[in-house]
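J.: Starting from these lines, generate the structure:
(chains A and B)
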Amino acid sequence: MANTFNRDMLMVARAARGFTQGDLAEGANVTQALISKIENGLILDPTPETVSAFARALKYPEDFFYSDEKPHGLPPFHFRKRASLGSKVLAKIEADINIRRIHIDRLMKSFEAHTAKDFPTIDLDRNQWTPRDAAKHLRGLWMIPRGPVEDLTAIVERVGAVVVQINFETPKLDALSFRLPGKPPLIFMNSVVPGDRYRFSLAHELAHLIFHNHPETDETMEEQADEFAGELLTPGSEVRPYLAYATLPKYGRAKQYWKVSIKSLIVQASRLKVITPNLYTRLNVQYSKAGYGKFGEPFPIPVEKPSTLSRAISHHMQALNYSPEEMAKLLMLTKEEFVSAYTERPRLRLVGKD
Amino acid sequence: MEEIEPEQAKVMDTVAPFLKRLYVLFDGAIDLYNGKYPAEVRAQHSDRAAANNVYCHAWHALEQEFSEEPGFQFRELEGRLNVLLIRDALVMRVKKVDANGRWRNHKSKQQAKFDGQLPLPGLPPEATRVVLGYHPDAVFSCVERVILRPARGTWVSQIVEDGAAYEWVDITPKSLPLGEARGKATR
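T.: Numbering: from 1, shown residues only, chains lettered A, B, ... in the order given. Predicted coordinates:
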């Protein structure tokens, strides 16, 4: 344990629990002024009693507040989504992601994931490729068989990314991805979205990781990512016959085979010019009238399960003989939270304020 | 409250003891189609193929359910028109219908005669010709409504589930008779 108090980690812990400074002051029985001064660097070395009180109130071990970890900000993501999320929600997502990222860093030090580790980057401009070209290229490079992608998460993890499911506690954000130097690409997926949306969002984030190391305009990046995701999951050369004679019932059946939403099939049909603009509009009207936009689509697709993180945990506990207490210490969690977050299925989430 | 037509009352009295058994066979047929056929096969089906499959399963279930019911006779009329004759009082066909209780397809001569209550060999002329219709949701994932209406479209009854019981309600629209749905049958 380092001896220097890390005020950034206090802010991460507080945001992860959804606490305001006032909430923490009440829970730790200290003044809000003290917390404000600590977080703003006016008090650099709070007393051990104060740190213990923070640890008890926030349910993190004291080590957490003395670790030398440096939190990262959120990666750039679609400004309309960012604007629609409240600042408190964003702060909690940022904190949860930072904690998970620290866990992954610590776990990966002793876990050699069996990955090809050739996660590519593609410069669309230099190659003069469209996102569809890139998706075709990747399907070949990763030897994805013809037809529907059976398990996109498994493919993404096989080529070196780590996929983590977190309950973002908002339906407004589906996924976020990071690519930090020397680390595996990280994709954080909202665990409460339907399986078809999960797959499209994962393919969408894949595009950001592969194309957008030098961010372009927001709209361009989103369009490129959507086009890539559509082609990766429903390649034009194969999906066309399934999109012809377009009706909602037909797309409902195609959904279950291709494991993508009816909505994304409508968009792909339009993108591939299989349907006219008028029919595109008519299908969207029928889709809205059926209530699928508001209440969700029928024929649910199961949510894919990532495995790298759980394999890393198993490796530590079985091959390296870590006890739950040692795992909790490694990950700077209480034992209860470690057990609940990493060993109980299917709820892989960090506990919140309530 | 509008008065119930004598014909409607008579037909619904005849089928009243069987409402649940008539209602559930459509759920069963759609579940069978969506659950037992491989997704790859269904994805290649046109809407007509899907509806034909569901029809076959619904008719099969109807035969299984009522083949030994006293007074129930299944008949295949000339022109492959499958009907169920119930106690010489009514003759029933099964059809997929839209939200307005109408269907669309190309009518054979036999079907036109059936719908027009015209003489058909093998059917008692006085038996009321009715259609047991099911209306699926927008993507054929479940049944939204099961109706019974005469082929001529002069009244409409809906079978409704009320807890464990099944009842019927009159949903006859103000504008009668019900015409046919506009547009061609979908491929």
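J.: which residue ranges form the helices in chain B?
T.: Counting by DSSP state H, chain B has helices at residues B:6-15, B:19-36, B:39-43, B:47-66, B:109-115.
J.: quick check: mean pLDDT across the shortest one?
T.: The one in question is helix B:39-43. Helix B:39-43 shows an average pLDDT of 97 in the prediction.
J.: so who does the nearest residue to residue B:71 once chain neighbours are set aside touch?
T.: Once flanking residues are discounted, residue B:71 sits nearest to residue B:87: 4.0 Å by CB to CB, 6 or more residues apart in numbering or on different chains. From N, CA and C alone the C-beta is placed, and that goes for glycine too. Taking CB atoms under 8 Å, 6 or more residues apart in numbering or on different chains, we find residue B:87 in contact with B:14, B:71-72.
J.: Look up which residues are beta-bridged to residue B:143.
T.: Under DSSP bridges, the beta-bridge partners of residue B:143 are residue B:136.
J.: Pull the number of nearby residues for it.
T.: Neighbour count of residue B:143, defined by other CB atoms under 10 Å in any protein chain shown: 22.
J.: Residue A:188 is in contact with residue A:174, correct?
T.: No - taking contacts as CB atoms under 8 Å, residue A:174 lies outside contact range of residue A:188: 9.9 Å.
J.: higher neighbour count, those two?
T.: Using other CB under 10 Å as the criterion, residue A:174 and residue A:188 rank with residue A:188 on top: 25 against 21.
J.: Out of the helices of chain B, which gets nearest to chain A?
T.: helix B:39-43 (3.7 Å; CB to the nearest CB).
J.: Show me what counts as buried in that closest one.
T.: Buried positions in helix B:39-43, judged by neighbour count with 16 or more other CB atoms under 10 Å in any protein chain shown: B:39, B:42-43.
J.: related to what we said a few turns ago, tabulate the helices of chain B in TSV, adding columns for distance to chain A.
T.: Listed next are the helices of chain B as TSV, based on distance: least, CB to the nearest CB, whole Å:
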stretch	distance to chain A
helix B:6-15	29
helix B:19-36	8
helix B:39-43	4
helix B:47-66	5
helix B:109-115	23
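J.: What part of chain A, helix or strand, is modelled with the least confidence?
T.: Among the helices and strands of chain A, helix A:79-84 carries the lowest confidence by mean pLDDT, DSSP states H and E, at a mean of 66.
J.: Check chain A for the residue nearest chain B and tell me.
T.: In chain A, the residue that lies nearest chain B is residue A:252 (3.1 Å; CB to the nearest CB).
J.: and that residue, how many residues sit next to it?
T.: Each residue near residue A:252 was counted by other CB under 10 Å, and the total is 25.
J.: residues touching it, list them.
T.: Residues in contact with residue A:252, defined by CB under 8 Å, 6+ apart, are A:262, A:297-299, B:138-141.
J.: Nearest to residue B:125, out of those: which one, please.
T.: Within the contacts of residue A:252, proximity to residue B:125 (CB to CB) peaks at residue B:140, which comes in at 36.4 Å.
J.: Next one: that closest one, what pLDDT does it get?
T.: Residue B:140 is assigned a pLDDT of 94 by the prediction.
J.: list the contacts for it?
T.: By CB under 8 Å, 6+ apart, the contact set of residue B:140 is A:249, A:252-253, B:30, B:33-34, B:47, B:50-51, B:54.
J.: In PyMOL, how would I select the buried members of those residues?
T.: Buried residues within these, by 16+ other CB under 10 Å, are selected in PyMOL with:
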select buried, (chain A and resi 249+252+253) or (chain B and resi 30+33+34+47+50+51+54)
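J.: Mind picking the one among the contacts of residue B:140 that's closest to residue A:332?
T.: Nearest to residue A:332 among the contacts of residue B:140, counting by CB to CB, is residue A:252 at 46.6 Å.
J.: And for that closest one, nearest residue in space, chain neighbours not counted?
T.: Closest residue to residue A:252 apart from its sequence neighbours, by CB to CB, 6+ apart: residue B:139 at 3.1 Å.
J.: again with residue B:150
T.: residue B:130 (5.3 Å).
J.: wait, that neighbour sits on residue B:152?
T.: No - under the criterion of CB under 8 Å, residue B:130 is not in contact with residue B:152, lying 9.6 Å apart.
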